[in-house]
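Enquirer: Model the structure of this input:
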Amino acid sequence: MSVDIEYVRSSHNQGHAYSKRCGVEIDNALKSDIRCSSKEADPSQSQCDILLFDLDGTLYTGETVSRLNAYTQERILDFLVNTKGCPKFDAITTRDQAYVIWRPLIERYNQTVRGLLMDGFEFDVDYCNRAIRDGSEQFLKPDVKLKEALMSLPQRKMIFSNAPEATARTYLKKLGIADCFEEIFGMDFMGTGCCKPDIEAYHKVLNYIGINPKDPVDVGRICFFEDNARNLLQGQALGMQTVFIRRRSPTKPRSGKENKNDEYHDDFDAVVDNLGTDLRNAMPSLWL
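Expert: Numbering: from 1, shown residues only. From the prediction side, this is the model:
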C-alpha cells in the first residue's frame, strides 16, 4: 500500500536491520548525496540495462489504488481489533483506537508489519500478511497497454516492493504481466526490519543483482520506477535513473499528503501518470 512517509535510515547486520527515526523532510545529507551522484554520473548519458519497479501505485494507478488501499486499510484495522493473546492487541477494542495506533507506525516505518513488530506487538507475520492482503487482488485486472509497454522494453525487469513476494506474484498475475519480471524483491527478501526507503534495502537488492552500490556509474545502469518520492530519491542518491509515477491527475487540486509527495516532480528524470500509456513519450531513451 502506498503511503507517504518520513525518511528512515537504518543499518543492518547479517540481514537484520535496526532503524531510527529521522525528519519528515528529505534531509540535507541525502540532498547532498543526490548532488554528488549527479556530478559523478549523469544518468541521461548512460544506457540502463536493468529496470526496477515498485508494485503498489506504480504498476496499477488511479482509482484502482484508492479502492485497493481502502480495502487493505480496513483489513488492517480488523486485524488489530480482532487479534488477541498479546497485551498490545488486547488493549485495542475499537477501530478508532486501531487507527490511532496504526497510522503513526506506518508513517514512521513505511510497512505495517515492521511498524507493529517495532512497537512490541507479537503475531505471526505470514498470518498478518494474509489477513491484510487476501482478496485485495479483486481490484486488479489485466492491463494490455502496460504489458505491451513492458514487453517492448529490452532491459531486464525486476520488482522492488515492500509488499510480500506472494502478494506481488498474485498482483502481477492478475495484471497479466507476471512473465515480464525475472526477480521479485519484497518483504521476504529484505526481512521485517528493513524496507524502502532504508538504504540497506537498496544495498541488498543491488548486491544481489551484481551492482556495486558504492559506484554511481554502475548504479546508473538501473532505472527505478516509483510512486513514493522519498523511495525514489533514495535510489537517485545512489545514482539510479528515476521515473516518478504521479498519484493524482495534474488537473486536480493539491491537498494533504498528495502535495508532500508531488513537490519533488522536478527532481526526477521523468514523471508519468500511467506507465502503460505515458512512458514512451516521457522517457524515449529507454528504447534506444
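Enquirer: Can you read off the pLDDT for the residue lying closest to residue 64 once chain neighbours are set aside?
Expert: Sequence neighbours aside, residue 139 is the residue nearest to residue 64 in space, at 5.5 Å (criterion: C-beta to C-beta, 6 or more residues apart in numbering). For glycine as for every other residue, the C-beta is placed from the backbone atoms N, C-alpha and C. At residue 139 the predicted local distance difference test score is 97.
Enquirer: I'd like to know which helix or strand in the chain has the lowest mean pLDDT.
Expert: With mean pLDDT, DSSP states H and E as the measure, the helix or strand of the chain carrying the lowest mean pLDDT is strand 16-21 (a mean of 28).
Enquirer: how far is the helix or strand hosting residue 171 from where the chain is centred?
Expert: Following DSSP states H and E, the helix or strand that holds residue 171 is helix 165-175. Here helix 165-175 shows a centroid-to-chain-centroid distance of 15 Å under the convention C-alpha atoms, centre = their mean, to the nearest Å.
Enquirer: try stretch 124-131
Expert: Stretch 124-131 sits 19 Å away from the centroid of its parent chain (C-alpha atoms, centre = their mean).
Enquirer: and that stretch, which residues are buried?
Expert: By neighbour count on 16 or more other C-beta atoms under 10 Å, the buried set for stretch 124-131 is 128, 129, 130, 131.
Enquirer: And for stretch 236-249?
Expert: Under the neighbour-count criterion of 16+ other C-beta under 10 Å, stretch 236-249 has 236-248 buried.
Enquirer: Let me know the closest of those residues to residue 67.
Expert: In terms of C-beta to C-beta, no member of the buried residues of stretch 236-249 lies closer to residue 67 than residue 247, at 13.7 Å.
Enquirer: Many thanks, we can stop here.
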